[in-house]
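*Asks:* sequence and predicted structure are below.
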Amino acid sequence: MEIPSEDDGTVLLSSVAAQFPGACGLRYRNPESQCMRGVRLVEGVLHAPENDWGNLVYVVNYPKDNKRKMDEIDAASAVKIKRGFQKTSDLIVLGLPWKTTEQDLKDYFSTFGEVIMVQVKRDAKTGNSKGFGFVRFTDYETQTKVIAQRHMIDGRWCDCKLPNSKACPDEPMRSRKIFVGRCTEDMTTDDLRQYFMQYGEVTDVFIPKPFRAFAFVTFADDQGLGDLRNK
């Protein structure tokens, strides 16, 4: 059963109770831990996990003295939250080439949908790009689609995600990028590429400029990276 959300993305407990008399809350299975977790309830208002109901199935909670069997509850009280108006958020774009401009960023992301805002973060003193930026879309579905895939911008693979999000759909992409510390100034991208090719296909090598003694190496997939991360 679908239950509509309010304009701010919350769900009234009364809306749930209207369909499931006696309901006192909702719970869902955490995709990461696979444990059941309760939805936060404040003064009769249910708040979405991580500010997004997502495509999860929610189960209705009843008071402990309710005599229904758990299998009956789970079968009969599965709830899917129907999104009302979903607001889009600023997405952070990581790994931008130094040469990428805001117009380049807008041109690229406009192929997915209408862009409200783009920004390339720059050093206040030098005006040089810091290697990351932000983009915001008009449509929530466009935002979801952009987060879920890889992006080749000006010849470099870039990550696009919600800032400070703990669980993002692009997690598999991020797991293919490793941090390489203690680099020496004479190391080149070719040196790193040649070395790490023994662990899998290397799609990108990024050494920050000016030199900062570290680099990032991105692989085509995560096969064989388990042993590498333990070194």
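*Replies:* Thanks, I have it. Numbering: from 1, shown residues only.

*Asks:* next one: phi and psi at residue 30?
*Replies:* The phi/psi pair for residue 30 (degrees, to the nearest 10) reads phi -60, psi 120.

*Asks:* so who does it touch?
*Replies:* If you count contacts by Cβ atoms under 8 Å, 6 or more residues apart in numbering, residue 30 has them with 36, 37. Bear in mind the C-beta positions are built from the backbone N, C-alpha and C, glycine included.

*Asks:* distance of it relative to residue 56?
*Replies:* Using Cβ to Cβ, to the nearest Å, we find residue 30 at a distance of 9 Å from residue 56.

*Asks:* and what of residue 34?
*Replies:* From residue 34 to residue 56 the distance is 12 Å (Cβ to Cβ).

*Asks:* part of a strand, is residue 203?
*Replies:* Yes - remark: residue 203 belongs to a strand, assigned using DSSP: H, G, I helix; E, B strand; the rest coil.

*Asks:* heads up, I number from 202, so please use that
*Replies:* All set: I'll call the first residue 202, so the last point we hit is now residue 404.

*Asks:* what is the neighbour count of it?
*Replies:* 17 (other Cβ atoms under 10 Å).

*Asks:* didn't it look like it was pressed against residue 419?
*Replies:* Yes - counting by Cβ atoms under 8 Å, residue 404 touches residue 419, with 5.1 Å between them.

*Asks:* bridge partners for residue 406, pull those for me.
*Replies:* On the basis of DSSP bridges, residue 406 is bridged to residue 418.

*Asks:* more crowded one of residue 235 and residue 257?
*Replies:* The neighbour count for residue 235 versus residue 257, taken as other Cβ under 10 Å, is higher for residue 257 (17 against 7).

*Asks:* could you point out which element follows the lowest-mean-pLDDT helix or strand in the chain?
*Replies:* The weakest-scoring helix or strand in the chain, judged by mean pLDDT, DSSP states H and E, is helix 372-375 (a mean of 42). Following helix 372-375 in sequence order, the next helix or strand is strand 378-382 (DSSP states H and E).

*Asks:* who are the contact partners of residue 330?
*Replies:* Applying Cβ under 8 Å, 6+ apart to residue 330 gives the contacts 297, 299, 300, 301, 321, 322, 323, 324.

*Asks:* can you tell me which of the residues you listed is closest to residue 387?
*Replies:* Nearest to residue 387 among the contacts of residue 330 is residue 299, at 20.7 Å by Cβ to Cβ.
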